[in-house]
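A.B. asks: generate a structure from the sequence data that follows.
(chains A and B)
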Amino acid sequence: MTVPPRPDAQLHFGVFFQGVNHTTIWSDPASGSQIDFETFRRVAQTAERGLFDAFFLGEGLRLREQDGKILELDIAGRPDAIAQLAALAGVTRHIGLVATQNTTYNEPADLARRLSGLDLISGGRAGWNAVTTDNAWTGENFRRGGYLEHAQRYERAGEFLDIARAIWDSWRDGAIAASQQSASWASEDAIRPVERSSDHFQVTITPTLPRSPQGHPVIFQAGDSPTGRDFAATHAEVIFSRHGTHFDEALAFADDIRARLRAAGRPDDDIKILPGTQIVLAEKESEVEEKVRWVKDGQYTGQTALSLAGQVWGRDLSHLDPDGPLPTEDPEHRAISETRGAPRHGQDPHAIAREWRARAEAENLSLREVVIATTERSGFAGTPAQVADELARWVRHGAVDGFNVSPYLVPTGLDEIVDWLIPELQERGVYRTEYTGTTLRHHLALPEPLTHRS
Amino acid sequence: MGVFALGIELDGEGFHPDAWRRATHAPDRLLTGETLRTRVAAAENAGCTLATFADSILPPDAVAGRIDAVTRASFVAAATSTIGLVPTVETTYAEPFHTSSQIATLDYASRGRAGWIAERIDDPRAAAAWGRPRITGEDELAREYRDSIEVTRRLWDSWEDDAVIRDHPNGRFLDRNKLHYIDFRGATFSVKGPAIVPRPPQGQPVVLGADGDVDVRLVAADSVAAAIESAEQARSAGTPLAFAEIDVTLDTPGATAVERFGVAPSNSPARLAFSGSAAALVDLLTHLSAHLDGVRLHPAVIDEDLPVLTREVLPALLRTGVTHRPVPGSTLRANLGLARPANRYAAAH
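C.D. replies: Purely as a prediction, here's the structure:
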């Protein structure tokens, strides 16, 4: 067997507690709550038992709508990410706590302060998944309101991050008095006010917090457009990518990011790539397909299938029978964009409809069956040993540095991964057997923050 | 008079400028979870009804470091079981949509023990820090305060209590008829809604403030007579409860209050200033309990005054029945004798 390029590579795991989605099976009796704290505590503590790097929360700024009406099908309603992670920091000791927070409808001094507070109170375990928001529809909930073009969003995000970093670095190390006999609590010139003036921001602030044990929160980024990738190469420390299903695609993405890092003057291992994924495990090989089918059946109810088809066709299809045929007419041109916050945003509805029709005809499938059949298995399925082999191959060949796992059930969905898969990974030498540090940056084996390199 | 509630302010090291020199830890330990947890646990074990956490985007005076109040309150939420947790979030520049989500989340994490001190900030440095046009003048500040509370309260009600239906046979998670656009339009901003966080456990977390549509009026007064008068005015204006604000400097085992700091130091001219023995404070609070619904105590030095409060003052007040321990499993509203409000949108059906 040939030696893989990174024989000693280690896998990093995050758990993504999904909010709005249809991938969590909430019809199962074991399904917990999307909002009660106990469900979050259980998932975070299970992940910590499994020596995960991070617990990850998304953000919601407006409830999803279809055809101008609030979408009823998904799990919806979720906590404020930073407040919830602060509460979880109080009942965990090691696991990193990553908040998705947008740069469009926050202000840098306020958000930097809250993230830095989470970082300090957790002893250096905070991360920030910096995202932008793409529509005025979301802005209707905020003072700022309004709309930003794609390029402007990233411009604002870049300036936002620069200000956040300046705030995080504004206290000289050792700024706080070493003893109570000192002249003042913080030495006089040890805190530099931050002043920034640009098209997007006019900010002057005297920051109120020192650097944390990990320097500052670890910066995650999730955008996939060329602009998003360049943004990551300039600013990010971890990429939460969407390339976690096909090995070749993942490797191509990783190579592209490495090239962009070099172009940005950074070492090409300076970012950890963690695609989102689902993992379905069965004890015996003969049970795998059945379990996969069970998961998809739970995820794609008849109503969900009709809703997804409705997004493609651009009209309400809820009167149709999900176990019947696809609609005979063509999709509306306006399609898709009418569904706010929909995952298929930006794709060509006609192409999707053609693909679905072909599939239905070839395999004699109902509408719901087509939706299930064309929905890619986004992740891995197999016995724990099979999945462990596959994940080890991915990381040792440099396609990923790990995964951000979305359990299909909360809070119990992570149990099998922790109890079955982690030991297999440990046996293969691709997964830690204990936490060796206390900060998220240490777990991820990341170097000093970008602003603190010699 | 119903319940007499004891609140304690746990920001920083205490209100005295030299408090940080008297803390039981090195100066940089202030900004740790451990220090916070120990103090909140002491207040909870002693029987305090609620702990408050002051905040501002600007640095505090004597101690330049401060973690934001919502983060501090949330950090102790799951590790405590009876004490109310009440962060300050200012109303002048913060996003009401975020404020509403933050306090609602704290309410879930604490199982119904969240409050919110709504506070104006009138300082050009705050506008510069937020990067927003300065809001100045009594009318404008009052407007932002009023609008911020209004939006936050409407968002808390924007999900009816039974909006999550989990109707498995029909694949519906929500009943959209029980979700409401709040459609708020104010002079400087508008908010569409509904909230992202479902209606919090208390329905409406407890809102505290110096005026406006609050559940608890924090009375600004520098004498007992003025505090009682203000409380009466607040109640006749429809505010359910009124608390007195008291700066507290106590005799400690090592030194009397006067020996510690001289004559009654005070943080603010708008607060009662108490300086003296635990027994004298018990007498004062017992007297106030006949006229007010509670107090918020501001210790001069948390690490010196909190132990006296927990060892001498609280036990005496609990013994005589002036105050009561919050009941495990109860909400902060219930512990304050406030009902869980009906949802304004459900009521409108």
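
A.B. asks: which element, helix or strand, includes residue 153?
C.D. replies: As the question left the chain open, I've gone with chain A. Secondary-structure assignment from DSSP states H and E places residue A:153 in helix A:150-168.

A.B. asks: ah, I was thinking of chain B
C.D. replies: With DSSP H and E as the criterion, the answer for residue B:153 is helix B:138-156.

A.B. asks: mean confidence (pLDDT) on that helix, please.
C.D. replies: Taken as a whole, helix B:138-156 has a mean pLDDT of 98.

A.B. asks: that helix: what's the following helix or strand?
C.D. replies: Once the chain leaves helix B:138-156, the next helix or strand it forms, by DSSP H and E, is strand B:164-167.

A.B. asks: got the contact list for that next one?
C.D. replies: When contacts are defined by C-beta atoms under 8 Å, 6 or more residues apart in numbering or on different chains, strand B:164-167 is touched by residues A:26-27, A:34, A:77, B:172-175, B:198. The way it works is simple: take the backbone N, C-alpha and C, and place the C-beta from them, glycine included.

A.B. asks: could you redo these as TSV and give each row distance to residue A:437 and neighbour count?
C.D. replies: TSV is the format used below for the contacts of strand B:164-167 (distance: C-beta to C-beta, whole Å; neighbours: other C-beta atoms under 10 Å in any protein chain shown):
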residue	distance to residue A:437	neighbour count
A:26	36	22
A:27	40	15
A:34	32	25
A:77	35	25
B:172	45	18
B:173	39	25
B:174	42	23
B:175	47	16
B:198	37	26
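
A.B. asks: farthest pair within those?
C.D. replies: A:27 and B:198 (18.9 Å; C-beta to C-beta).

A.B. asks: in three-state terms, label the closest residue to residue B:17 other than its chain neighbours for me.
C.D. replies: For residue B:17, ignoring the flanking residues on the chain, the nearest one in space by C-beta to C-beta, 6 or more residues apart in numbering or on different chains is residue B:62 at 4.3 Å. Reducing the assignment to helix, strand or coil with DSSP: H, G, I helix; E, B strand; the rest coil, the entry for residue B:62 is coil.

A.B. asks: poorly predicted segments of chain A, please.
C.D. replies: A:1, A:333-346, A:376-377, A:454 (pLDDT under 70).

A.B. asks: so who does the residue located most distally from the centre of it touch?
C.D. replies: For chain A, the C-alpha farthest from the mean C-alpha position belongs to residue A:181; by C-alpha atoms, centre = their mean, that distance is 46.2 Å. By C-beta under 8 Å, 6+ apart, the residues touching residue A:181 are residue B:21.

A.B. asks: redo the contacts of strand B:164-167 as JSON lines? Include secondary structure and distance to residue A:110.
C.D. replies: Written out in JSON lines, the entries for those read as follows (DSSP: H, G, I helix; E, B strand; the rest coil; distance: C-beta to C-beta, whole Å):
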{"residue": "A:26", "secondary structure": "coil", "distance to residue A:110": "34"}
{"residue": "A:27", "secondary structure": "coil", "distance to residue A:110": "39"}
{"residue": "A:34", "secondary structure": "coil", "distance to residue A:110": "27"}
{"residue": "A:77", "secondary structure": "coil", "distance to residue A:110": "24"}
{"residue": "B:172", "secondary structure": "strand", "distance to residue A:110": "37"}
{"residue": "B:173", "secondary structure": "strand", "distance to residue A:110": "32"}
{"residue": "B:174", "secondary structure": "strand", "distance to residue A:110": "30"}
{"residue": "B:175", "secondary structure": "coil", "distance to residue A:110": "34"}
{"residue": "B:198", "secondary structure": "coil", "distance to residue A:110": "24"}
